[in-house]
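Enquirer: no sequence on this one, just coordinates:
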């Protein structure tokens, strides 16, 4: 039973560039959430997708956008990258919201 | 706004001993969920234990148990018979609507 799969695992980008991160949820899960985890900190909620719609958004600028596909997979897009966007980006999937979330191993984004 | 505080940046315990990690939170809600997650060097967040606020009974999962004090807004994690594989960052999280709000984490070191 495949868990949550994220790609790529590592990524290096230059300031001002755009990046797309991908997430495939665990089988049977229909909800995908994205988190940003800066070094030495707890994760910060970016947004959650359900039924291909953004259901809730955290305190992140519009440079952060996402998408959910009919097969429940999701993408996180970040435009005009800043040095401060360097972080581990975690994807979490769930079936509804009552149960715990299953996380992927994340994408380590470095902006230089 | 809800907040989660983990006041112990680092804890160490002798193998086979018991250790307790602290977590406090602030909320005006009466019904909510609390979680403890473990993040090993592999970066994947792994659910350790979950507690529903409406349940008076403390949750247990094998060697892991919680001490949930709703009035005090305290949610500590007790790990019994500590094993080398328990070494990791431990995060306390509160579910608010569709997002998880996280503490800063506690690094747990197991001494052989």
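Expert: Looks like it arrived, so ask away. Model, not experiment: these values are computed from the prediction.
Enquirer: List the residues that contact whichever residue of chain A sits closest to chain B.
Expert: Taking Cβ to the nearest Cβ, chain B has its nearest neighbour within chain A at residue A:42, 3.3 Å off. Just so you know, the C-beta spots here come from the backbone N, C-alpha and C atoms, and that holds for glycine as well. Counting by Cβ atoms under 8 Å, 6 or more residues apart in numbering or on different chains, residue A:42 makes contact with B:4, B:91, B:93, B:102, B:103, B:104, B:105.
Enquirer: restrict those to contacts with chain A.
Expert: Residues of the contacts of residue A:42 in contact with chain A (Cβ under 8 Å from any Cβ of the partner chain): B:4, B:91, B:93, B:102, B:103, B:104, B:105.
Enquirer: Which ones among the residues you listed map onto strands?
Expert: Secondary structure from DSSP state E places B:4, B:91, B:93, B:102 of those in strands.
Enquirer: Name the nearest residue to the first one, ignoring sequence neighbours.
Expert: Of all residues beyond its chain neighbours, the one nearest residue B:4 is residue B:103 (4.2 Å), with distances taken as Cβ to Cβ, 6 or more residues apart in numbering or on different chains.
Enquirer: And stretch B:67-74, how far out from the chain middle?
Expert: Taking the mean of its C-alpha atoms, stretch B:67-74 sits 12 Å from the chain's own mean (Cα atoms, centre = their mean, to the nearest Å).
Enquirer: residues in contact with it?
Expert: B:20, B:22-27, B:34, B:51, B:53, B:58-59, B:75-76, B:78.
Enquirer: Any idea what residue A:32 is bridged to?
Expert: According to DSSP bridges, the partner residues bridging residue A:32 are residue A:49, residue A:93.
Enquirer: That one touches residue A:72, doesn't it?
Expert: Yes - taking contacts as Cβ atoms under 8 Å, residue A:32 lies within contact range of residue A:72: 6.7 Å.
Enquirer: Find the residue at the geometric middle of chain A.
Expert: residue A:34 (3.3 Å; Cα atoms, centre = their mean).
Enquirer: okay but that one is in contact with residue A:89, surely?
Expert: Yes - shown here, residue A:34 and residue A:89 form a contact pair, counting by Cβ under 8 Å, at 6.6 Å.
Enquirer: Overlap of the contact sets of these two?
Expert: Residues touching both residue A:34 and residue A:89 (Cβ under 8 Å, 6+ apart): residue A:76.
Enquirer: ok, the residue of chain B found nearest chain A to residue A:79 distance?
Expert: Using Cβ to the nearest Cβ, residue B:102 is the residue of chain B that sits closest to chain A, at 3.3 Å. Taking Cβ to Cβ, to the nearest Å as the measure, residue B:102 falls 25 Å from residue A:79.
Enquirer: Who has more neighbours out of these two?
Expert: Taking neighbours as other Cβ atoms under 10 Å in any protein chain shown, residue B:102 and residue A:79 compare with residue B:102 leading, 22 against 13.
Enquirer: ok, back up a step: nearest residue to the residue nearest to the centre of chain A other than its sequence neighbours?
Expert: Nearest one to residue A:34, counting by Cβ to Cβ, 6+ apart, is residue A:46 at 4.2 Å.
Enquirer: and the one you found, what helix or strand is that in?
Expert: Secondary structure assignment for residue A:46, by DSSP states H and E: strand A:44-50.
Enquirer: relative to strand A:44-50, how tilted is the very next helix or strand once past that strand?
Expert: Downstream of strand A:44-50, the next assigned helix or strand under DSSP H and E is strand A:53-57. Relative orientation of strand A:53-57 versus strand A:44-50 (axes from the mean of the first three to the mean of the last three Cα atoms, to 10 degrees): 150 degrees.
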